[in-house]
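1. Sequence first, then the predicted structure:
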Amino acid sequence: MSGAAAEGSSAALSTQERSDRHAEGRSGVTGRGADSGSELRRAQIVGVGLIGGSLGMALRQRGWIVTGTDTEGDRGARALEIGALDAVGIDTRAEITFIATPAGSVPDAARRALQNPGVVTDVAGVKGPIAEAVADPRFVGGHPMAGSEQEGLDGADPDLFIGATWVLTPTDHTSPDTYAAVQAVASALGANVVALPPARHDALVAVVSHVPHLTAATLMNLAADAAQEQGDLLRLAAGGFRDMTRIAAGHPGIWPDVCLQNRDGILQFIDRLVSELSDVRRIVAERDRDGLLKMLERAREARANLPSGIPDPARTTEVRIPVLDRPGVAAEVLTLAGDLGINVFDFEIAHSAEGDRGVLVLVVDEGASAVLRESLSTRGYRTSGRSPGP
């Protein structure tokens, strides 16, 4: 993972320096530095909206050369103007491609990107259907859980991923080297990387993202309808209402694909939400003061226990796991950590000269290492642990 450390400390270069050292081997590229050298790391972004634009800015700040495309022709020029891209077009020698399009178009875009030699990931909010459609060793699904009320490039922010959870969803098809490469880049952008199986990701984001967004939109629409009859209603919208409906201001264009592709998870949780609201209605209707207080206290305690950030990286431990070279072994170990709620701050594969075995190295919070090692042991893995050092 030495490349990640170097990447994280790289200072952004001036436009002229970047142009002088830009990558060769590019197809249909226009923009700054389209015909220069090959010393810098290169990234390709497909779709330069909010997330794609933020990725471009963040990577360029760290010294990468970033090329991008978008189906809306004027977005490329705008992305160049605000510093989200170095060039518009396809970099056939990019070491990593980010697919930042609506979920429904990710599989086709990923397959096109895989015609070039680099690794490929995406940023869509649904992972199961994409993982089934793109079963390639050089692809790993991803979902940076970050956003903004501002739409498209107007909301692009190079600091968007700092402190954000970035889910990666390796499968049996995912090469450990692919996971390591994408994890290193996401971590270097300041994100907290978590590995989950695609189906589990979809079930969880239905709870923490998809249904909350639909609920906020529904509540906002109810208020808007009431405001037509009571003109002063929205004037009374105080902080609580604004906080709860804030996400309803997000760009609606991504949500049809998300809701269709994660339909089962969303419907299941909507049914549970309706049931819980029915219970709340009953409590209020019966004037059950104690029941209402109990419900509110439980919610307050759960809200207070939400994770507040990443532990100090200085308090970390390496968990080293000898493994045979077999399909799915990295995904099995990484998703186990994700299921246990353990953040993997860094990930490396030490390959053996024998060719059929190696060592997976996971850097985790020292307080979580014992739990992870015990869980791995029950699954037949032999582990060791040590401080990763300065």
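-> Arrived safely.
2. Got the domain ranges for this protein?
-> Domain segmentation of the chain under automatic domain parsing yields 2-196, 201-304, 316-386.
3. Turn those domains into CSV, columns for mean pLDDT and mean neighbour count.
-> In short, each C-beta sits where N, CA and C put it, glycine included. Putting the domains of the chain into CSV (pLDDT from 0 to 100; neighbours: other C-beta atoms under 10 Å) gives the following:
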stretch, mean pLDDT, mean neighbour count
domain 2-196, 83, 20
domain 201-304, 87, 14
domain 316-386, 82, 17
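4. what's the spacing between residue 131 and residue 322?
-> Distance of residue 131 to residue 322, computed by C-beta to C-beta, to the nearest Å: 27 Å.
5. ok, which stretches of the stretch 151-300 of the chain are strands?
-> 165-169, 192-195 (DSSP state E, counting those that start in this stretch).
6. Tell me which residue lies nearest the centroid of the protein.
-> The structure's the chain has its C-alpha centroid closest to residue 144; by C-alpha atoms, centre = their mean the separation is 1.9 Å.
7. Show me the contact partners of stretch 329-336.
-> Where contact means C-beta atoms under 8 Å, 6 or more residues apart in numbering, the residues beyond stretch 329-336 that reach it are 168, 170-172, 174-176, 179, 195-197, 200, 321, 323, 344, 347, 349, 360, 362, 372, 375-376, 379, 381.
8. Helices - which of those land there?
-> Counted as lying in helices by DSSP state H, out of those, are 176, 179, 200, 372, 375, 376.
9. how close does the third one get to residue 335?
-> Using C-beta to C-beta, one gets 7 Å for the distance from residue 200 to residue 335.
10. before we move on, back to that, looking at the strands of the stretch 151-300 of the chain, which is nearest to residue 263?
-> Between residue 263 and those, the tightest spacing by C-beta to C-beta is seen for strand 165-169, at 18.3 Å.
11. Parallel or antiparallel, which strands does that closest one pair with?
-> Sheet neighbours of strand 165-169, with direction, are listed as strand 139-144 (antiparallel), strand 192-195 (parallel) (DSSP bridges).
12. Dump those into a markdown table; add distance to residue 116 as well.
-> Putting the strands paired with strand 165-169 into a markdown table (distance: least, C-beta to C-beta, whole Å) gives the following:
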| stretch | distance to residue 116 |
| --- | --- |
| strand 139-144 | 12 |
| strand 192-195 | 24 |
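13. beta partners for residue 320?
-> Per DSSP bridges, the residues bridged to residue 320 are residue 361, residue 384.
14. ditto for the one 4 residues further on
-> On the basis of DSSP bridges, residue 324 is bridged to residue 357.
15. measure it to residue 331 for me?
-> Distance, residue 324 to residue 331, by C-beta to C-beta: 14 Å.
16. Not counting sequence-adjacent ones, nearest residue to residue 213?
-> Spatial nearest neighbour of residue 213, excluding adjacent residues (C-beta to C-beta, 6 or more residues apart in numbering): residue 247 at 5.3 Å.
17. scratch that, residue 136
-> Nearest residue to residue 136, sequence neighbours excluded (C-beta to C-beta, 6+ apart): residue 114, at 5.5 Å.
18. residues touching that neighbour, list them.
-> By C-beta under 8 Å, 6+ apart, residue 114 lies in contact with 120, 134, 136, 138, 139.
19. Kindly recompute the last result at 7 Å.
-> Going by C-beta atoms under 7 Å, 6 or more residues apart in numbering, residue 114 touches 120, 136, 138, 139.
20. of those residues, closest to residue 160?
-> For the contacts of residue 114, the residue nearest residue 160 by C-beta to C-beta is residue 120; the value is 20.7 Å.
21. sec struct for the closest one, please.
-> Put simply, residue 120 is strand when judged by DSSP: H, G, I helix; E, B strand; the rest coil.
22. quick one: it and residue 145, what's the gap?
-> Residue 120 sits at a distance of 20 Å from residue 145 (criterion: C-beta to C-beta).
23. Identify the residue nearest residue 371 in space, chain neighbours excluded?
-> Per C-beta to C-beta, 6+ apart, closest to residue 371 is residue 340, 6.1 Å.
24. Can you name the residues that contact the one you found?
-> 371, 372, 375.
25. Any figure for the gap between it and residue 347?
-> Distance from residue 340 to residue 347, by C-beta to C-beta: 15 Å.
26. repeat for residue 58
-> Distance, residue 58 to residue 347, using C-beta to C-beta: 20 Å.
27. now swap in residue 86 and tell me
-> 28 Å.
28. Ok, residue 94 next?
-> Separation of residue 94 from residue 347 (C-beta to C-beta) stands at 21 Å.
29. for residue 125, same thing?
-> Separation of residue 125 from residue 347 (C-beta to C-beta) stands at 23 Å.
30. so what's residue 276 up against?
-> Going by C-beta under 7 Å, 6+ apart, the list of residues near residue 276 is empty.
31. and the gap between it and residue 282?
-> To residue 282, residue 276 is 11 Å away according to C-beta to C-beta.
32. got it, and residue 271?
-> Residue 271 is 17 Å from residue 282, by C-beta to C-beta.
33. about what we covered before: the residue nearest to residue 213 and residue 216 touch, don't they?
-> Yes: with contact defined as C-beta atoms under 7 Å, residue 247 and residue 216 form a contacting pair (4.9 Å).
34. ok, for residue 156, nearest residue in space, not its chain neighbours?
-> residue 53 (3.2 Å).
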